[in-house]
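>>> generate coordinates for the sequence data below:
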Amino acid sequence: MSFEKALEKVLQLEGGLVLHKNPTEEAQTYAGIYRKAHPEWEGWNYIDKGQTPPFELVKQFYYENFYKPLEAIQNEKIRDLLFETAVNTGVKTAVKLLQKVVGAKPDGILGQKTIQKLNEYLTEKSEEDFIKDFTLARIAFYTNIANKNPRKYGMYLRGWINRSLEVLSWVS
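All right, here's what the predicted structure looks like:
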């Protein structure tokens, strides 16, 4: 899947090009871009003026922050899976989940050792095995978050699991 197709899917999961505020968040979110986490995004200047940010700014944001850091992953389905996960959890967490699945040190850095471990994993097992194992690790990660702070995050668990399964369906 190309970056554009993967972005289209991610934006659907993020609710589209919509401005909103989640109940547990302190700031607005536009097209999945959380203002508190990314206050420097140029699109906020448009929103503050009551205008719609150009789509190119959204596209550039997602490419630079979430897709480009994962381009070392040659397998397109796995890269798309990690891209979508990175949008939801951050690149470092998505890479740590990858590292746990392939048996690499979970430091959140996508370096040569991690790529080598992924390639070894794919030699021993299949792409489908990785996608399944990664999805299970991702669901366990979300469940852990919700269990640690059920008052704040319990309301999101079903959505996180559904999102994980939706992504599973489009990369499988």
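>>> C-alpha from now on. contacts and neighbour counts both.
Fine.
>>> what sits closest to residue 93 if chain neighbours are left out?
Closest residue to residue 93 apart from its sequence neighbours, by C-alpha to C-alpha, 6 or more residues apart in numbering: residue 108 at 6.1 Å.
>>> burial check on residue 39, number of neighbours?
12 (other C-alpha atoms under 10 Å).
>>> apologies, that question was intended for residue 94.
Applying other C-alpha under 10 Å, I find that residue 94 has 25 neighbouring residues.
>>> correct me, but it touches residue 81?
No: if you go by C-alpha atoms under 8 Å, residue 94 and residue 81 don't touch, sitting 9.2 Å apart.
>>> and the longest helix seen in the chain, what's buried?
Secondary structure assigned by DSSP state H gives helix 127-148 as the longest helix of the chain. Of the residues in helix 127-148, 127, 130-139, 142-143, 145-146 count as buried by neighbour count, 16 or more other C-alpha atoms under 10 Å.
>>> same question, stretch 99-119
99-102, 104, 106, 108-110, 114-115, 117-119.
>>> those residues: which two are farthest apart?
Spatial extent of the buried residues of stretch 99-119 (C-alpha to C-alpha) is set by the pair 108 and 119 at 17.2 Å.
>>> ok, residues contacting stretch 137-153?
Contact with stretch 137-153 is made by 24, 97, 101, 154, 156, 157, 160, 161, 164, as judged by C-alpha atoms under 8 Å, 6 or more residues apart in numbering.
>>> so what's the fourth one up against?
Remark: with contacts taken as C-alpha under 8 Å, 6+ apart, residue 154 is in contact with 146, 147.
>>> that one - that's part of a helix, no?
Yes: counting by DSSP: H, G, I helix; E, B strand; the rest coil, residue 154 is part of a helix.
>>> the inter-axis angle of the helix or strand where residue 101 lies versus helix 127-148?
Here residue 101 sits within helix 91-102, counting by DSSP states H and E. With axes from the mean of the first three to the mean of the last three C-alpha atoms, to 10 degrees applied, the angle from helix 91-102 to helix 127-148 works out at 120 degrees.
>>> shouldn't residue 84 be in contact with residue 8?
No: under the criterion of C-alpha under 8 Å, residue 84 makes no contact with residue 8, lying 10.6 Å away.
>>> who has more neighbours out of these two?
residue 84 (26 against 14).
>>> the nearest residue to that one once chain neighbours are set aside: how many residues sit nearby?
Residue nearest to residue 84 in three dimensions, not counting chain neighbours: residue 10, with 6.1 Å by C-alpha to C-alpha, 6+ apart. Other residues within reach of residue 10, judged by other C-alpha under 10 Å, total 23.
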